[in-house]
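In: got a predicted structure plus its sequence, pasted below:
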Amino acid sequence: MKLTIISFVLLFTFSFSFSQSYSNAESVEYDPLHDRWLVSNGNRIISDDGQGSLSFFGTGTTSYGLEVMGNTAFGIQGSNIVGFDLTTELQVTIATVSGASFLNGMTNDGVNTIYVTDFSQGKIHKIDFSNFASPVVTQIVANTQNTPNGILFDGDNNRLIYTSWNGNAQIKQVDLSNNQVSTIITTSLGSIDGIDDDAQGDFYVSSWSPDRITKYDSNFQNPETVTTPSLSNPADIGINQATGIMGIPMGSSVIFVDLGVLSVEEFNTNEFNFTVSPNPIDTTSKINVFNLNSESIKIELLSVSGKVVQTISNQIDLGNSSISLKNMNQASGIYFIRASNKLGVTTKKVIIK
């Protein structure tokens, strides 16, 4: 199957030299309660505001998979799954997976259940955290038929989807009605690490051979390469479905990409575009919008983490329009201006002085 190259826009790449820095960034999850990204980093969780400010999350040690479920962040400590309150950052629960060898990928059902892969033993375990004082651990797959890595709960189809680490790696599924394993697709990729989905039901996997993010449709057909610069061993990716922002951990760095911004060639089919000048923004700056279709355009200002901080215009109709930015009441820093309608979306980075 031919790979279609789609160009996505890199939001920002961060590397750090101070004490809270990435040295072994493995898994990234968005925390919607506090508008931040959490990253498992060797033996600590790091909180990343998406704008280059890092801090340690609590004092607990974690490695590999990381999951946010409700008001709790779950991480792996050896053969344990440990939960930390997102507000107090204190440990609130722990579950031991007896006999575990290498717990790696995690996912959750959004209610009270965590699923975790054992990479070395080829197993999948289910942990019911309905009662934090007494979580229940159940092995649901004794033989995954490969070395399971990233895993994703697909509630719409009552299944788990998991990736594998070998060459021509397979993506498999577990039917949660009977815990039976079957193959979805055999890929041309090697060493697939993470997997996540977006709000449209498309799936994304990260691989080390080649270093790539690959997008599949809801049926795991029509693979497309998400083009991002400087990927090196991309690990357990995470997607903020509300904004379409993907976090990609890569050991010594984490990068964020906007999955909603297509290439110029694809964008031109939507028949609208805009420019911002001058940029950095000052009292003379304007947005010039070119709308060649009948669909009205909405324009918003976003923080680097993808949060809408200001609606600039709710309706730009057919034709050319100019919007003054002299009354932007935002702190100095890096932002993104997003224009969208039913036909498409595009985002441009701006700096507010």
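Out: Sure thing, it's come through.
In: helix or strand for the nearest residue to residue 218 once chain neighbours are set aside, which one?
Out: Of all residues not flanking residue 218 in the chain, residue 201 sits nearest, at 4.3 Å (Cβ to Cβ, 6 or more residues apart in numbering). Any C-beta I mention is one placed from the backbone N, CA and C, and that applies to glycine too. Per DSSP states H and E: residue 201 is located in neither a helix nor a strand.
In: now the residue lying closest to residue 72 once chain neighbours are set aside, which residues is it bridged with?
Out: Nearest non-adjacent residue to residue 72, counting by Cβ to Cβ, 6+ apart: residue 83, 4.6 Å away. Note on residue 83: beta-bridge partners by DSSP bridges are residue 74, residue 93.
In: got a list of what the closest residue to residue 324 other than its chain neighbours touches?
Out: Leaving aside its chain neighbours, residue 324 sits nearest to residue 286 (5.6 Å; criterion: Cβ to Cβ, 6+ apart). Counting by Cβ atoms under 8 Å, 6 or more residues apart in numbering, residue 286 makes contact with 276-277, 322-325.
In: what about residue 243, how many neighbours?
Out: 23 (other Cβ atoms under 10 Å).
In: and the closest residue to it other than its chain neighbours, how far from residue 107?
Out: Excluding the flanking residues, the one nearest residue 243 by Cβ to Cβ, 6+ apart is residue 306, at 3.1 Å. Using Cβ to Cβ, to the nearest Å, we find residue 306 at a distance of 22 Å from residue 107.
In: so between the two, which is more surrounded?
Out: Applying other Cβ under 10 Å to residue 306 and residue 107 shows that residue 107 carries more neighbours, namely 24 against 21.
In: so that one makes contact with residue 67?
Out: Yes: in this structure, residue 107 is within contact of residue 67 by Cβ atoms under 8 Å, at 6.5 Å.
In: between the two, which contacts overlap?
Out: residue 114.
In: residue 330 in helix, strand or coil?
Out: Following DSSP: H, G, I helix; E, B strand; the rest coil, we place residue 330 in the coil state.
In: identify the residues contacting the closest residue to it other than its chain neighbours.
Out: Leaving aside its sequence neighbours, residue 330 sits nearest to residue 352 (Cβ to Cβ, 6+ apart; 5.4 Å). Applying Cβ under 8 Å, 6+ apart, we find residue 352 in contact with 280-281, 328, 330-333, 335.
In: farthest-apart pair in those, please.
Out: 280 and 331 (13.4 Å; Cβ to Cβ).
In: neighbour count winner among those two?
Out: Per other Cβ under 10 Å, whichever of residue 280 and residue 331 has more neighbours is residue 280, with 12 against 8.
In: pretty sure the more buried one is touching residue 349, no?
Out: No: with contact defined as Cβ under 8 Å, residue 280 does not reach residue 349; the gap is 10.6 Å.
In: gap between residue 83 and residue 313?
Out: 43 Å.
In: same thing with residue 275?
Out: Taken as Cβ to Cβ, the span from residue 275 to residue 313 is 15 Å.
In: could you chop this protein up by domain?
Out: Per automatic domain parsing, the domain ranges recorded for the chain read 4-258, 264-352.
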